[in-house]
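Participant: starting from these lines, generate the structure:
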Amino acid sequence: MNPNAQNTFSEIIDQFLAQCCRHGTGLHVSDRALFKQFRAFWMSTTHQTAHPALLGQYRVELTERGY
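Facilitator: Just a heads-up that it's a prediction; the model follows:
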């Protein structure tokens, strides 16, 4: 991804976490279930199909945020 796309991707992750996720101690969700929801959010937000590297970039972003 180019630097501009990276910023956009990070912003989309932020939007997804704010709009679609509950946050709190003791809450758990499987990576597979959360990614399925993120992929649908990504496609509806960007009007693009899922990029082959979407899962990897998604995991990097969540790891950087402490998830």
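
Participant: switch to C-alpha atoms for all contacts and neighbour counts from now on
Facilitator: OK.

Participant: can you pull up the most central residue in this structure?
Facilitator: Ile13 (4.2 Å; Cα atoms, centre = their mean).

Participant: and that one, what helix or strand is that in?
Facilitator: helix 3-20 (DSSP states H and E).

Participant: show me what counts as buried in that helix.
Facilitator: By neighbour count with 16 or more other Cα atoms under 10 Å, helix 3-20 contains the buried residues 9, 12-13, 16.

Participant: who touches the helix or strand of the chain with the lowest mean pLDDT?
Facilitator: Lowest mean confidence among the helices and strands of the chain (mean pLDDT, DSSP states H and E): helix 3-20, at a mean of 82. By Cα atoms under 8 Å, 6 or more residues apart in numbering, the surrounding residues in contact with helix 3-20 are 38, 41-42, 45, 58, 61.

Participant: got CSV for the residues you listed, with pLDDT too?
Facilitator: Output for these, formatted as CSV (pLDDT from 0 to 100):
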residue, pLDDT
Phe38, 95
Phe41, 94
Trp42, 92
Thr45, 89
Tyr58, 94
Glu61, 93
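
Participant: next, format those residues as JSON lines and append secondary structure and distance to His23.
Facilitator: Shown next, in JSON lines, are the contacts of helix 3-20 (DSSP: H, G, I helix; E, B strand; the rest coil; distance: Cα to Cα, whole Å):
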{"residue": "Phe38", "secondary structure": "helix", "distance to His23": "15"}
{"residue": "Phe41", "secondary structure": "helix", "distance to His23": "18"}
{"residue": "Trp42", "secondary structure": "helix", "distance to His23": "20"}
{"residue": "Thr45", "secondary structure": "helix", "distance to His23": "21"}
{"residue": "Tyr58", "secondary structure": "helix", "distance to His23": "17"}
{"residue": "Glu61", "secondary structure": "helix", "distance to His23": "16"}
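
Participant: tell me the buried residues within those.
Facilitator: Buried, going by 16+ other Cα under 10 Å: 38, 41-42, 58, 61, out of the contacts of helix 3-20.
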